[in-house]
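Trainee: Prediction below, plus the sequence it came from.
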Amino acid sequence: NWKKVSSNKEIKFVYVKASEGASIRDRMYRYNMKKAREAGLLVGSYHVYSSRTTAQAQFANFKRAVGKTKQDLVPVLDIEAVHCHKLYMARVDKLLELMEKEYGMKPMIYTSERLYMTHFNNKKYKKYHFFIANYKRRPRMAYTLWQYTQHGKLKGISGFVDLSRFSSKYNIENINFGISLFLLYIISIIIRKI
């Protein structure tokens, strides 16, 4: 019940699962996006990475589900150990590249602190926003969003829900799709005039 969720004034935005791998799509995705937005929440979409298929096939699945004009927040690539029997970084990089090209900005990377330290703790990924899951303590690395529990309770959602908060250095404007697209447009105009 998205109206009940939005009655909690601490909840400003939601990320909704759109797709996973090359063929899985969340059957409640469109409904949740529509109803959350109608309730006044900013909405964004995420794709769950799979090590079992190509970047191109995963991107095609995400793109079929997620329209550019229906997003308030930058897209998220969700990389979890349970879905990554082996993390092929060339495949991850290609998927990030395809998402950036389509949506006009770098997607945010959701991952655990352990996977971040193993695969993303280098200069190559410094310009990405990171959404770090750690249910025991605040992440030790720079992050934009911290998922601090997977056992949250909210009015309007039966069962548990993931809850997240911003780092003190960031806020909703840093991941706002509309603001980011507007800034890209302004930058492109300035560059053309130079």
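Mentor: Right, received. Where do you want to start? Residues are numbered from 1 along each chain as shown.

Trainee: quick one: the nearest residue in space to Val5 that is not next to it in sequence and Pro139, what's the gap?
Mentor: Among residues not flanking Val5 along the chain, Gly156 sits closest, at 3.9 Å (C-beta to C-beta, 6 or more residues apart in numbering). Quick note: C-beta positions are derived from backbone N, CA and C, even for glycine. Distance check for Gly156 against Pro139: by C-beta to C-beta, to the nearest Å, it reads 28 Å.

Trainee: ok, these two, which is more surrounded?
Mentor: Legend: neighbour count by other C-beta atoms under 10 Å for Gly156 and Pro139, higher for Pro139 (19 against 15).

Trainee: and that one, what does it touch?
Mentor: Going by C-beta atoms under 8 Å, 6 or more residues apart in numbering, Pro139 touches Glu113, Tyr116, Ile132, Trp146.

Trainee: Tell me which residue is most central in the chain.
Mentor: Nearest residue to the geometric centre of the chain (C-alpha atoms, centre = their mean): Val76, 2.2 Å.

Trainee: wait, what's in contact with Phe160?
Mentor: Phe160 sits next to Gln150, His151, Gly152, Lys153 when contact means C-beta under 8 Å, 6+ apart.

Trainee: Out of those, give me the two with the largest separation.
Mentor: Greatest spacing in these, by C-beta to C-beta: Gln150 and Lys153 (11.4 Å).

Trainee: end to end, how far does stretch 107-122 reach?
Mentor: Using C-alpha to C-alpha, to the nearest Å, the end-to-end distance of stretch 107-122 comes to 17 Å.

Trainee: buried ones in that stretch?
Mentor: The neighbour-count check on stretch 107-122 (16 or more other C-beta atoms under 10 Å) flags Pro107, Met108, Ile109, Tyr110, Thr111, Ser112, Glu113, Leu115, Tyr116, His119, Phe120 as buried.

Trainee: Surely the fourth one and His129 touch.
Mentor: The reference is to Tyr110. No: using C-beta atoms under 8 Å, Tyr110 makes no contact with His129, being 9.7 Å away.

Trainee: one step back: in the beta-sheet assignment, what are the partners of the residue nearest to the centre of the chain?
Mentor: With DSSP bridges as the criterion, Val76 is bridged to Tyr46, Met108.

Trainee: Begin at 2 from now on, thanks
Mentor: Sure thing, new numbering starts at 2, so read that last one as Val77.

Trainee: Good, wrapping up.
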